[in-house]
Structures are given as C-alpha cells and as structure tokens.
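Asker: sequence first, then the predicted structure, then my questions.
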Amino acid sequence: MIKKITVVLTGTILFLGCVNDKEEILYGNSCDGPTPSFAAVVNPIIETNCAIPDCHAPGSSNGPGALTSYAQIKNVAGEIKSAVVSRFMPKDRTLTESQIKAIRCWVDAGAPNN
C-alpha cells in the first residue's frame, strides 16, 4: 500500500514539475496587441531594475555583463527572458506581472529596436 502511494505521489510530483516548467502555462501565452516598445517599455524596466550599481551597470562583469545599450540587451535577450520569467532576476527586486509579460513578449517578437 505504501509503495503504491509513493509511486502515485512521485508520479504526480514529476508531472507537476514538468507542467510548471512551461512558461505559457504559468504566465499565459498571450502577446496580443502591439509588441512592447524597447525604448518606452522594456529599456526603462531594465534601467530601473537591472542596469544599476552592483548588477549590470556600465563596466559590469556580472552574468552577461552591462545591460546599458540596446545591443547589449539584444545580445542576451533570451537569457534576460529566462531569468525574468523564472523570477531568478532581478536580485533583491520583484517585477510586476505586466513587466514580466512586456519583456517576454518583446523577446518573443524578436527583441526589436522599436
């Protein structure tokens, strides 16, 4: 009996772990409407929460380095999306759901310089 319960619980945990790895299940997959603007939406989020002292300011060697220009951000857009969606980043700060969605949708649209 205990063996059956253990097998069922293990299977359930593994299944839920796999399901929760799917960002579209966690955060929805809706990027309806216009692509968030890099200049007006995405860059201000990064400037305020990432490109700060001791994180990704000019001259930083943390992770992908400085995130102070479009080129730097574009080059690591996928990494930024992954870190933000998983809530691994930003450290010591919390992004709102709308900020996370803006970054995710911007990256999914090809990280345009718009």
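Answerer: The structure has been received and is ready for your questions. Numbering: from 1, shown residues only.
Asker: every contact and neighbour count from this point should use C-alpha atoms.
Answerer: Noted.
Asker: show me the shaky parts of this structure.
Answerer: Counting by pLDDT under 70, the ranges of the chain that qualify are 1-29.
Asker: domains of it?
Answerer: According to automatic domain parsing, the chain comprises the domains 1-26, 31-108.
Asker: highest mean neighbour count out of those?
Answerer: domain 31-108 (a mean of 16; mean count of other C-alpha atoms under 10 Å).
Asker: now do that one: distance to the chain's middle.
Answerer: Relative to its chain's centre, domain 31-108 lies at 8 Å (C-alpha atoms, centre = their mean, to the nearest Å).
Asker: quick one: end-to-end distance for it.
Answerer: 9 Å (C-alpha to C-alpha, to the nearest Å).
Asker: how about residues contacting the host helix or strand of residue 46?
Answerer: With secondary structure defined by DSSP states H and E, residue 46 is part of helix 43-49. Contacts to helix 43-49, defined as C-alpha atoms under 8 Å, 6 or more residues apart in numbering, come from residues 67-68, 70, 90, 93, 99.
Asker: send the alpha carbons of it over as CSV?
Answerer: In CSV, the C-alpha atoms belonging to helix 43-49 read as follows (Å, rounded to 0.1, in the frame of the first residue of the first chain):
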residue,chain,number,x,y,z
ASN,A,43,14.5,49.6,-21.6
PRO,A,44,13.0,51.6,-18.6
ILE,A,45,12.3,48.3,-16.8
ILE,A,46,15.9,47.2,-17.4
GLU,A,47,17.4,50.6,-16.5
THR,A,48,15.4,50.7,-13.2
ASN,A,49,15.9,47.1,-12.1
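Asker: and the spatially most central residue of the chain, helix, strand or coil?
Answerer: The structure's the chain has its C-alpha centroid closest to residue 84; by C-alpha atoms, centre = their mean the separation is 2.4 Å. When classified by DSSP: H, G, I helix; E, B strand; the rest coil, residue 84 comes out as helix.
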